[in-house]
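*Asks:* Whatever this is, show me its structure:
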Amino acid sequence: MDRHGRSRTTTYAVGALALLAAVTGCGSDGGSTAAPAAPTGRGTASAAAPATPSGPPQQSAPPSPGAAPAAGDAAAWAKWHLTPLPAAPPAPADKPVKLQRTGPVPVFSEVKTNDKVVFVTIDDGAEKDPKFVEMLTDLKVPVSMFLTRDIVKDNYGYFKQLQALGNHVHNHTVDHAQMSKVAPEKQKSEICDAQSALTQQYGTAPLLFRPPYGDGANTPALNSSVQQCGPRAIVLWRESMQIHDMQYQAADKKLRPGDIVLAHFRGPKDLKGETMTQMFGELLARIQEQGFAVARLEDYIEAPAA
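*Replies:* As a prediction, this is how the structure comes out:
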């Protein structure tokens, strides 16, 4: 599933149609496709149980610039049977990713930085485990949420709890359509309708978009649809979390500064009996083993001026 030797350069989406792996990125087996590359240019964590808009919505800047995420205390990490991660450095004043208000949107799977940090993103929204809210409250690890409207609409409030911790909501379509398989108008409605619903529910227009499976990310048709609906970048990934380990695109299977990591809101049905918190604990353990901190992705992105 991993693809090796990919360019690590942020650029504009103008490439050929991205190929899909045989296993879907959000399948029930915990598998995940490798993200299409942007064109060049074992610890266990468990605690004791205690309508298309007429135009793009106005974009809002991330609400917490300039401050690095606070590290959870040692007792909190011990509660989840984890070794604390290094503290993230302060958010850079000069953001490495600068987004424009109009024009083609960039496609990227990592952020250019010398900080020894990675960024954790979580997709879909099927699992709504209250213990995961407790875990993030305790550990203060930042995540970016790419939510699918029809998967989260039965409980928008769950993700408001995670948003209240400083985590941002982004666009992952209406119903998880495979974007290269649908007509441009369907692509547009998938993005615009999700953008409208998520903006209404969470009070801020999603700044970023991720196509399901990474499909179509580098195509002009999808780029055009994203532009029309409001998000100002397409975000892919370099690593994807499975159940106990990550799948890497790099041949040496190592994290690098600025990598974006993909995970999913999944529970025992899709994780072979493991819980969301156990999977996330394994993810943090893999990051800690390589000496990385987790930073907030939005702290490295400069949103367009209003």
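*Asks:* residue boundaries of the strands in the stretch 51-200 of the chain?
*Replies:* With DSSP state E, counting those that start in this stretch applied, the stretch 51-200 of the chain shows strands at 97-98, 106-108, 117-124, 144-147, 168-171, listed in chain order.
*Asks:* Now render these as JSON lines, adding mean pLDDT and mean neighbour count.
*Replies:* All C-beta atoms are positioned from the backbone trio N, CA, C, and that covers glycine. Formatted as JSON lines, the strands of the stretch 51-200 of the chain follow (pLDDT from 0 to 100; neighbours: other C-beta atoms under 10 Å):
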{"stretch": "strand 97-98", "mean pLDDT": "98", "mean neighbour count": "16"}
{"stretch": "strand 106-108", "mean pLDDT": "98", "mean neighbour count": "26"}
{"stretch": "strand 117-124", "mean pLDDT": "98", "mean neighbour count": "25"}
{"stretch": "strand 144-147", "mean pLDDT": "98", "mean neighbour count": "24"}
{"stretch": "strand 168-171", "mean pLDDT": "98", "mean neighbour count": "26"}
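*Asks:* I'd like these laid out as TSV, including distance to residue 84.
*Replies:* Below are the strands of the stretch 51-200 of the chain laid out as TSV (distance: least, C-beta to C-beta, whole Å):
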stretch	distance to residue 84
strand 97-98	28
strand 106-108	29
strand 117-124	15
strand 144-147	21
strand 168-171	23
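*Asks:* among these, which is nearest residue 283?
*Replies:* strand 117-124 (7.1 Å; C-beta to C-beta).
*Asks:* May I have the closest one exported as CSV, CA atoms only?
*Replies:* Listed next in CSV are the C-alpha coordinates belonging to strand 117-124 (Å, rounded to 0.1, in the frame of the first residue of the first chain):
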residue,chain,number,x,y,z
VAL,A,117,7.3,17.7,15.0
VAL,A,118,4.6,15.8,13.2
PHE,A,119,0.9,16.7,12.7
VAL,A,120,-1.9,14.3,13.6
THR,A,121,-5.1,14.3,11.5
ILE,A,122,-8.2,12.2,12.1
ASP,A,123,-10.8,11.5,9.4
ASP,A,124,-14.4,10.6,9.0
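*Asks:* who does that strand pair up with?
*Replies:* strand 144-147 (parallel), strand 260-264 (parallel), strand 293-294 (parallel) (DSSP bridges).
*Asks:* follow-up on the earlier one: between the strands of the stretch 51-200 of the chain, which one is closest to residue 292.
*Replies:* Smallest distance to residue 292 across the strands of the stretch 51-200 of the chain (C-beta to C-beta): 5.1 Å, for strand 117-124.
*Asks:* Provide the contact partners of that closest one at residue level.
*Replies:* 25-26, 88-89, 111, 141-148, 151, 172, 176, 210, 235, 237, 239, 255, 257-266, 283, 287, 292-297, 300 (C-beta atoms under 8 Å, 6 or more residues apart in numbering).
*Asks:* Would you list the buried entries among these?
*Replies:* Taking 16 or more other C-beta atoms under 10 Å as the criterion, what is buried in the contacts of strand 117-124 is 25-26, 88, 111, 141-148, 151, 172, 176, 210, 235, 237, 239, 255, 258-266, 283, 287, 292-297, 300.
*Asks:* Give me the subset of those that lies in helices.
*Replies:* Under the assignment DSSP state H, the buried ones among the contacts of strand 117-124 contribute 151, 283, 287 to helices.
*Asks:* distance of the residue nearest to residue 141 when sequence neighbours are not counted from residue 284?
*Replies:* Closest residue to residue 141 apart from its sequence neighbours, by C-beta to C-beta, 6 or more residues apart in numbering: residue 294 at 5.2 Å. Counting by C-beta to C-beta, to the nearest Å, the gap from residue 294 to residue 284 is 8 Å.
*Asks:* Appreciated, that's everything.
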